[in-house]
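1. Provided below are the primary sequence and the corresponding predicted coordinates.
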Amino acid sequence: MERRVVVTGVGLVSPLGIGTKETWDGLLAGRSGVGPITRFDTNDYACRIAGEVRGFDPAAFMPAKDVKKCDLFIQYALAATHFAMEDARLEIGPANAERVGVYIGSGIGGLPSIERQHEELLQRGPRRISPFFIVGLIVNMGSGQVSIRYGAKGPNLANSTACSTGTHAIGDSARLIARGDADAMICGGTEGVVTPLAVGGFSAMRALSTRNDDPQGASRPFDAGRDGFVIGEGAGIVILEELEHARRRGARIQAEVAGYGVSADAFHISAPSENGDGPMRVMRNAIQDAGITPSEVDYINAHGTSTPIGDKIESLAIKTLFGDHARRVAISSTKSMTGHLLGAAGGLETAITALVVREGIIPPTINYRTPDPECDLDYVPNEARRVEVTYALNNSFGFGGTNASILMKRFDA
């Protein structure tokens with residue numbers, strides 16, 4: 001019999017604020033964190049807007065001497081972990097260190113460091129490359145630095161599955177606990193690539209919104225006027241624990257991980273399968289893993305990126321799987337407020353889904369003004385909604401057709 005897994009801590013760093021409370025309050029207020037890009041000159045760019053994390057001081061979360069050794073995605077991971085550990089009140093010491101693991105992924109990793117050090121190479125030669133260049137940018141160093149910082153000696157893993165990264169990391173962590181490989185996991189996703197190359201690359205794909213004159217209205221999932229996603233940054237970390245481990249230490253249990261599903265589209269490098277087969281199957285797999293029926297799901301935190309095809313296909317997949325219940329389930333995309341955090345999106349949004357279950361209130365899809373006939377479900381438009389939620393599903397779909405869904409349940413002692 002597999003062990004039950006619960007959420008005992010949540011830590012968020014996002015364009016809405018540094019810390020869980022700031023982000024959650026911003027979501028419930030329907031506030032957008034999107035604005036003009038301030039990191040570099042965007043005059044030659046088709047897209048000049050992003051969801052930047054503003055006012056971030058990495059020295060508040062790590063020794064000042066180590067800041068230059070860590071790319072921004074690692075800094076965000078350390079900050080979000082700080083908030084999650086504080087929330088969970090989890091202490092790691094000699095008695096439990098080998099039973100606490102870390103699993104934090106990133107979709108792209110240390111691109112800012114690559115851009116800076118490449119410029120250094122071209123201008124000043126190879127001898128001027130930082131000795132911390134490699135260890136400051138590789139994807140697993142988010143987990144590595146968190147493990148070192150807290151002394152967690154259990155499983156130490158990282159993944160990179162594009163926009164599904166954070167959800168895969170949390171779902172895989174739940175399975176590690178369920179099968180007995182760890183008693184607690186620090187897990188989620190992190191990303192910090194609001195950079196010239198990343199914005200230029202996504203612009204070249206015509207994936208980004210060019211609603212530069214209306215930054216806060218640019219991310220509009222499921223709205224008929226959507227024209228692409230808005231790149232964002234930050235981190236979402238959750239503390240997962242085996243139920244009895246959490247009970248023994250008197251932890252506040254915020255939600256239970258009820259089910260986890262994975263699937264592949266096997267269709268295209270960046271577009272979802274035309275009939276919604278991959279997204280439909282991944283939701284079905286998570287629901288079946290929980291041993292419930294689709295009609296028992298109360299809320300879906302949609303992948304909902306604000307791209308014309310993606311939102312349409314996700315809506316189709318929901319209708320295919322849920323049937324008549326599709327029109328009764330509440331659906332929202334918090335990307336309408338945070339932008340798309342890429343590899344961190346699943347971590348942030350799974351954490352938000354746990355908070356929805358805990359608090360009984362659903363953040364809205366803002367900027368929903370003009371209905372799309374092909375997106376005709378209940379997207380909780382523009383205002384938060386207080387609803388008792390028993391089961392809530394989070395969706396994440398990534399380039400390469402890699403999908404993840406995780407089902408959170410209101411904890412029943």
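-> Nice, thanks for sending it over. Numbering: from 1, shown residues only.
2. starting at the chain centroid, how far to the helix or strand residue 281 falls within?
-> Secondary structure assignment for residue 281, by DSSP states H and E: helix 277-290. Put simply, helix 277-290 sits 19 Å off its chain's centre (C-alpha atoms, centre = their mean, to the nearest Å).
3. over to stretch 125-145?
-> 24 Å.
4. would you mark the buried spots in it?
-> For stretch 125-145, a neighbour-count test (16 or more other C-beta atoms under 10 Å) marks 133, 135, 136, 137, 138, 139, 140, 141, 142, 143, 144, 145 as buried. For glycine as for every other residue, the C-beta is placed from the backbone atoms N, C-alpha and C.
5. helix/strand/coil for the first one?
-> On the three-state scheme (DSSP: H, G, I helix; E, B strand; the rest coil), residue 133 is labelled coil.
6. excluding chain neighbours, give the residue nearest to it in space.
-> residue 117 (5.0 Å; C-beta to C-beta, 6 or more residues apart in numbering).
7. helices or strands up against the helix or strand harbouring that neighbour?
-> Taking DSSP H and E as the criterion, residue 117 maps to helix 111-124. Counting contacts by 3 or more C-beta pairs under 8 Å, 6 or more residues apart in numbering; DSSP states H and E, helix 111-124 packs against helix 196-204.
8. quick one: low-confidence ranges for the stretch 101-250 of the chain?
-> Low-confidence segments of the stretch 101-250 of the chain (pLDDT under 70): none present.
9. related to what we said a few turns ago, report how many residues lie close to the residue nearest to residue 133.
-> Using other C-beta atoms under 10 Å, residue 117 has 19 neighbouring residues.
10. just to check, it is in contact with residue 132?
-> No. Counting by C-beta atoms under 8 Å, residue 117 does not reach residue 132; the two are 9.8 Å apart.
11. report the buried residues of the helix or strand hosting residue 311.
-> For residue 311, the host element (DSSP H and E) is helix 308-322. Under the neighbour-count criterion of 16+ other C-beta under 10 Å, helix 308-322 has 310-322 buried.
12. what's the answer for stretch 92-100, then?
-> Across stretch 92-100, burial judged by 16+ other C-beta under 10 Å covers 92, 96, 99, 100.
13. just flag the most distant two among the residues you listed.
-> By the measure C-beta to C-beta, 92 and 99 form the most distant pair in the buried residues of stretch 92-100, at 9.3 Å.
14. contacts for stretch 117-134?
-> With contact meaning C-beta atoms under 8 Å, 6 or more residues apart in numbering, stretch 117-134 is reached by 68, 69, 113, 136.
15. and it, how far from the chain's centre?
-> With C-alpha atoms, centre = their mean, you get 31 Å for stretch 117-134.
16. same question, stretch 83-101
-> Taking the mean of its C-alpha atoms, stretch 83-101 sits 22 Å from the chain's own mean (C-alpha atoms, centre = their mean).
17. with just CA atoms, put it into PDB.
-> Output of stretch 83-101 as PDB, limited to C-alpha atoms (Å, rounded to 0.1, in the frame of the first residue of the first chain):
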ATOM      1  CA  PHE A  83       9.400  30.900   2.100                       C
ATOM      2  CA  ALA A  84       8.300  27.300   1.700                       C
ATOM      3  CA  MET A  85      10.400  26.000   4.600                       C
ATOM      4  CA  GLU A  86       9.300  28.900   6.700                       C
ATOM      5  CA  ASP A  87       5.700  28.000   5.900                       C
ATOM      6  CA  ALA A  88       6.200  24.300   6.700                       C
ATOM      7  CA  ARG A  89       8.300  24.900   9.800                       C
ATOM      8  CA  LEU A  90      10.400  21.900   8.600                       C
ATOM      9  CA  GLU A  91      13.800  21.600  10.300                       C
ATOM     10  CA  ILE A  92      16.500  19.300   8.800                       C
ATOM     11  CA  GLY A  93      19.100  17.900  11.100                       C
ATOM     12  CA  PRO A  94      21.200  14.700  11.600                       C
ATOM     13  CA  ALA A  95      18.200  12.600  12.500                       C
ATOM     14  CA  ASN A  96      16.200  13.200   9.300                       C
ATOM     15  CA  ALA A  97      18.600  14.700   6.700                       C
ATOM     16  CA  GLU A  98      18.900  11.500   4.700                       C
ATOM     17  CA  ARG A  99      15.100  11.300   4.500                       C
ATOM     18  CA  VAL A 100      14.600  14.800   3.000                       C
ATOM     19  CA  GLY A 101      15.200  15.300  -0.700                       C
END
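18. ok now the top helix by length along the chain, how far from the chain's centre?
-> The single longest helix within the chain, with elements called by DSSP state H, is helix 72-88. Relative to its chain's centre, helix 72-88 lies at 13 Å (C-alpha atoms, centre = their mean).
19. got it, and stretch 30-43?
-> 19 Å.
20. mind listing what's buried along it?
-> Quick answer for stretch 30-43 (16+ other C-beta under 10 Å): 30, 32, 33, 34, 35, 37, 42.
21. just the CA coordinates for it, please, in PDB.
-> Written as PDB, here are the backbone C-alpha positions of stretch 30-43 (Å, rounded to 0.1, in the frame of the first residue of the first chain):
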ATOM      1  CA  GLY A  30      -6.900  40.200 -10.100                       C
ATOM      2  CA  ARG A  31      -3.800  42.200 -10.400                       C
ATOM      3  CA  SER A  32      -1.400  41.900 -13.400                       C
ATOM      4  CA  GLY A  33       2.300  41.600 -12.800                       C
ATOM      5  CA  VAL A  34       3.200  42.300 -16.500                       C
ATOM      6  CA  GLY A  35       4.900  45.500 -17.600                       C
ATOM      7  CA  PRO A  36       7.500  46.900 -19.900                       C
ATOM      8  CA  ILE A  37      10.800  45.100 -19.900                       C
ATOM      9  CA  THR A  38      13.400  46.900 -17.900                       C
ATOM     10  CA  ARG A  39      16.400  44.500 -18.200                       C
ATOM     11  CA  PHE A  40      17.600  45.500 -21.600                       C
ATOM     12  CA  ASP A  41      16.800  47.800 -24.500                       C
ATOM     13  CA  THR A  42      13.800  46.400 -26.400                       C
ATOM     14  CA  ASN A  43      13.500  49.000 -29.200                       C
END
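22. lovely, talk soon.
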